[in-house]
Every structure is written in C-alpha cells, then in structure tokens.
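Q: this is a predicted model, with the sequence first.
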Amino acid sequence: MTNAPFELKGRSVYVAGHRGMVGSALVRRLAGEDVKLVTADRREVDLCNQAAVFDWFAKVRPQVVFLAAAKVGGIVANNTLRAEFIYDNIAIAANVIHAAHRNGAEKLMFLGSSCIYPKLAPQPLREESVLTGPLEPTNEPYAIAKIAGIKIAEAYRSQYGCDFISVMPTNLYGPGDNYHPEMSHVVAALIRRFHEAKVSGAKGVVVWGTGTPRREFLYVDDMADACVHLMKTYSGAGLINIGTGEDITIAEFARVVAEVVGYSGEISFDTSRPDGTPRKLLDVSRLAGLGWRATTSLEDGLKRAYAAYQAAQLAAQ
Ligand SMILES: NC(=O)C1=CN([C@@H]2O[C@H](COP(=O)(O)OP(=O)(O)OC[C@H]3O[C@@H](n4cnc5c(N)ncnc54)[C@H](OP(=O)(O)O)[C@@H]3O)[C@@H](O)[C@H]2O)C=CC1
Ligand SMILES: C[C@H]1O[C@H](OP(=O)(O)OP(=O)(O)OC[C@H]2O[C@@H](n3cnc4c(=O)[nH]c(N)nc43)[C@H](O)[C@@H]2O)[C@@H](O)[C@@H](O)C1=O
C-alpha cells in the first residue's frame, strides 16, 4: 500500500454516473474542491457503447475519473436481470478504463462492491479474500463483472503504469436512492414500505427473507467523502474496502427503519424471498490506516434518507 498525495485542485474531474445516488453525492462533495467538474449523461454518451466512449474521451480528455456508473439494483434485480448486470457492467468498466488510459487520464477510481467477496469468506471481509471461493448465486453476474473491472484496472496499472485504483463499497443508502418496490436495495425498499404503511394505516409490513442475514450500511455522503479522500491519498494495486465496520441483522434493521419512519404496526417475514449472502461485513482496517472513518450513524443517515425520500415525493406531486 502506498500513500502518494495527489492534488485534485485545478484538474478536470469526470464523475461517470453523476445522476445516480453515489455520483450525485460525489458531485456534492466535489463542490467543496477547486476542480473543473465534467459530466455527461447517458444521452450524450452511453457507456456501454465503445465508440461513443472512445470519441467522448478523445474530445474531453478528463484528467481524473470517478467510475460510479453501473447497472445497479437489489437482490431481485441482480437475480433476474442477470444478463444486463454482467454485460453492462463489464462493458462500462472495459470501455471507460481503456479510454481513460488511451487519453492520458492521470488517475481513475473504479467502484466495485462488497459482493465481489466469496459467499462464505471469513468475516469481516478482508481485501485479500477476493477470488478465494464461490460467489453468492443471487448476484454472481454482477460480482463477476465487478471482479473483471478490478482486474482491468489492475492490468492497466501493471502493464502501463496507470494510477488506477479500486474501492469496494459496502451497501449504500441515502438521497437519490432507487425506491422501486421490487428492484431496489433493502434500505430504500423498507423506507418506502414503512412510509406507505404509516400513511395508509396498514396493520403490518412484510420484510423479505428470514431477517437473519447481516448487512453493513454506509450513508452515501460518507461514501463520497471516502472516495475523495482515497483519490487524494491512495495509490496502489490493492483494493480498499469502504464501510463502517459495523453490521446489523435485517430484522433489527427493519425495526430501526420503522422507528425512523414512525410506523408502529407489526413486522413479518416472507421466507419465500431470497436472503442472499448470510453476512457481508467489511474489514475497514486498510481504510482506517489511510486516515478515514465513517461519521454518520445509521440512525442519522436513515433520518436524512427518509427526509430526502419525503422531499422527492412532494416534488413529484
Ligand atoms: N448502491 C449500493 O448499495 C452500492 C453501489 N455500488 C457501486 O457504486 C456505484 C454507483 O452506484 P449507485 O449510485 O448506487 O447506482 P445508481 O443506479 O444510483 O447510479 C448509476 C449511474 O450509472 C449510470 N449508468 C448506468 N448505465 C449507464 C450507461 N450505459 N451509460 C451511461 N450511464 C450509465 C446511470 O445513469 P442514468 O441516470 O441515466 O440511469 C446512473 O447515473 C456503482 O458502481 C455500484 O456498482 C457498490 C456497492 C453498493
Ligand atoms: C449492495 C449489494 O446489494 C445486493 O445484495 P444484498 O446485500 O443482498 O442487497 P439487498 O439490499 O437487495 O438485500 C439485503 C437483504 O435485505 C433483505 N430484504 C428484506 N426486505 C427487502 C426488500 O424489501 N427489498 C430488498 N431488496 N431486500 C430486502 C434481502 O432479502 C437481503 O437479505 C447485491 O445484489 C449486490 O448488487 C450489491 O452489491
């Protein structure tokens, strides 16, 4: 692991996926840095389209790239849209990383995911566990694509000396999340379900699975802050996990969401729904060694996420 100070100041910084949850948090965070922010939405450049990506990079030549664009979703989206999750995510990673190299980008950060680790890897998940065992079947296509992205970044670093780094975020949540009832991640799904139950006066809320899986949740503005910190301070081939280092069962988590939303009805579990990985807690000691820790508690983060959900509902009316 190396600590090589890298100045963002004065550089053109491309946030790929700037309309997404993480990308928009990166845009908020970078507003506090003296950078020239570059963005392009999907209509301008479809990142799955190799020719479009190569043309756009040749024209714009960003000096720094945060690769936060991907096909993203919760356990059902991953398990059903398996072809899209593997194809889009391999294409986006290959196109953007290759174009960044060809056009002289000085630094690139690839965003992977904690789901790249084997389903039954020792907990907490250390960066060295990648490729040591079978993956969780519900998100294997996405995980394989993310592992490909890591390996592409690593190969360009070793063959061409590119300063390309990869970070592995835990489950994220916050403003800009996807609140689709089936395709979202658990945080957004439960905020919406408990809110709708509160508003309609429903007697009970159903939570998927057994409630026993454990998950770690990081507020998205903390995630963006960690990314900027690592972009400035880290240069190396090794992965860096980004998380809080704390986890909670889905059953306990559902109770916290109910409390934040103000719902006091019953909670039941639909065990016909998949549990996914039994536990996914990141070892964040590398990240701590690089001088960064999460600062937003789960309760505060959920309060902010719920406020953002309510504001988005009002704006849509
Ligand atoms: N959310 C989470 O819990 C976690 C996320 N991650 C990773 O973090 C990153 C960001 O995720 P998140 O912000 O949650 O995801 P979102 O779905 O909120 O945002 C993804 C962004 O990528 C863009 N995008 C997707 N496909 C294309 C394409 N073909 N061309 C151009 N743009 C495209 C989307 O554009 P558009 O707005 O047009 O759809 C969107 O802006 C991803 O790499 C994800 O894998 C990792 C771990 C956990
Ligand atoms: C971030 C990560 O996200 C995905 O993995 P996951 O951690 O399994 O994500 P999830 O948020 O969808 O579920 C977490 C847990 O929560 C339970 N759960 C309860 N009730 C609901 C519910 O209503 N919706 C959802 N989605 N899950 C629910 C659910 O059964 C599971 O046990 C990956 O595919 C992968 O893409 C990835 O990187």
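A: Received the coordinates, thanks. Residues are numbered from 1 along each chain as shown. Ligands and ions are numbered 1, 2, ... in the order given.

Q: contacts and neighbour counts: CA atoms only from here.
A: OK.

Q: tell me the secondary structure at D34.
A: Classification of D34 by DSSP: H, G, I helix; E, B strand; the rest coil places it in coil.

Q: thought it was touching G10?
A: Yes: D34 is within contact range of G10, at 5.9 Å (criterion: C-alpha atoms under 8 Å).

Q: got the contact list for R61?
A: Neighbour list for R61: 100, 103-105 [criterion: C-alpha atoms under 8 Å, 6 or more residues apart in numbering].

Q: cool, and G20?
A: Residues in contact with G20 (C-alpha under 8 Å, 6+ apart) are 69, 176-177.

Q: between the residues you listed, which is closest to ligand 1?
A: Proximity of these to ligand 1 (C-alpha to the nearest ligand atom) peaks at A69, which lies at 3.2 Å.

Q: for the contacts of R61, give me a markdown table that also has pLDDT and distance to A308.
A: Output for the contacts of R61, formatted as a markdown table (pLDDT from 0 to 100; distance: C-alpha to C-alpha, whole Å):
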| residue | pLDDT | distance to A308 |
| --- | --- | --- |
| A100 | 98 | 34 |
| N103 | 98 | 38 |
| G104 | 98 | 38 |
| A105 | 98 | 34 |
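
Q: could I have the buried ones of these as PyMOL selection syntax?
A: Buried members of the contacts of R61, defined by 16 or more other C-alpha atoms under 10 Å, are picked up in PyMOL with:
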select buried, resi 100+103+105
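
Q: now, the contacts of R61 that are in helices?
A: Members of the contacts of R61 lying in helices (criterion: DSSP state H): A100.

Q: ok, of the contacts of R61, which one's closest to ligand 2?
A: Out of the contacts of R61, the member with the shortest distance to ligand 2 (by C-alpha to the nearest ligand atom) is A100, at 24.3 Å.

Q: which parts of this structure sit against ligand 1?
A: Contacts of the chain with ligand 1, taken as C-alpha under 6 Å from any ligand atom, map to 17-23, 42, 46-48, 68-72, 111-113, 169-172, 177.
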